[in-house]
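Colleague: got a structure for you, letters missing:
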């Protein structure tokens, strides 16, 4: 069975908006999982767009999706990539 995931226009800016809002909510209100419908309504994304973002970000381990309850959580990796001010990639020195 092939599942076609539609592309998202302006993927990077929308991802930054989504991850920064999730980071803000987790810092201010001390919550981990955020309701997808709340995020979609707050950011003004269409449902197909939101499903595609969740699919791609979950595959990239930027977020962790709980598909049963339609909640998502920002991972530590996602926070490092999109929310830290020092998002410079580091490579370990092998000797």
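Modeller: Cool, the structure landed. Not measured: the values here are computed from a predicted model.

Colleague: so which bits of the helix or strand hosting residue 16 are buried?
Modeller: Here residue 16 sits within helix 11-29, counting by DSSP states H and E. Of the residues in helix 11-29, those scored as buried under the neighbour-count criterion (16 or more other C-beta atoms under 10 Å) are 14-15, 17-19, 21-23, 25-26. (C-beta placed from N, C-alpha, C; glycine too.)

Colleague: grab the two from the residues you listed that are most spread out in space.
Modeller: Based on C-beta to C-beta, the longest span within the buried residues of helix 11-29 runs between 14 and 26 and measures 18.7 Å.

Colleague: give the next helix or strand downstream of the helix holding residue 16.
Modeller: In the C-terminal direction, the helix or strand that comes right after helix 11-29 (DSSP H and E) is strand 34-35.

Colleague: can you name every helix or strand that that next one contacts?
Modeller: Based on contacts counted as 3 or more C-beta pairs under 8 Å, 6 or more residues apart in numbering; DSSP states H and E, the elements that strand 34-35 packs against are helix 11-29, strand 71-74.

Colleague: swap the cut-off to 7 Å and go again
Modeller: Counting contacts by 3 or more C-beta pairs under 7 Å, 6 or more residues apart in numbering; DSSP states H and E, strand 34-35 packs against strand 71-74.

Colleague: what's the average pLDDT for the helix holding residue 16?
Modeller: For helix 11-29, mean pLDDT is 89.

Colleague: what residues does it touch?
Modeller: With C-beta atoms under 7 Å, 6 or more residues apart in numbering as the test, helix 11-29 has contacts from 8, 31-32, 34, 39, 42-43, 45, 53, 57, 62, 74, 78-79, 82-83.

Colleague: which two of those residues have the greatest separation?
Modeller: Of all the pairs that the contacts of helix 11-29 form, the one spanning the most space (C-beta to C-beta) is 8 and 31, at 25.0 Å.
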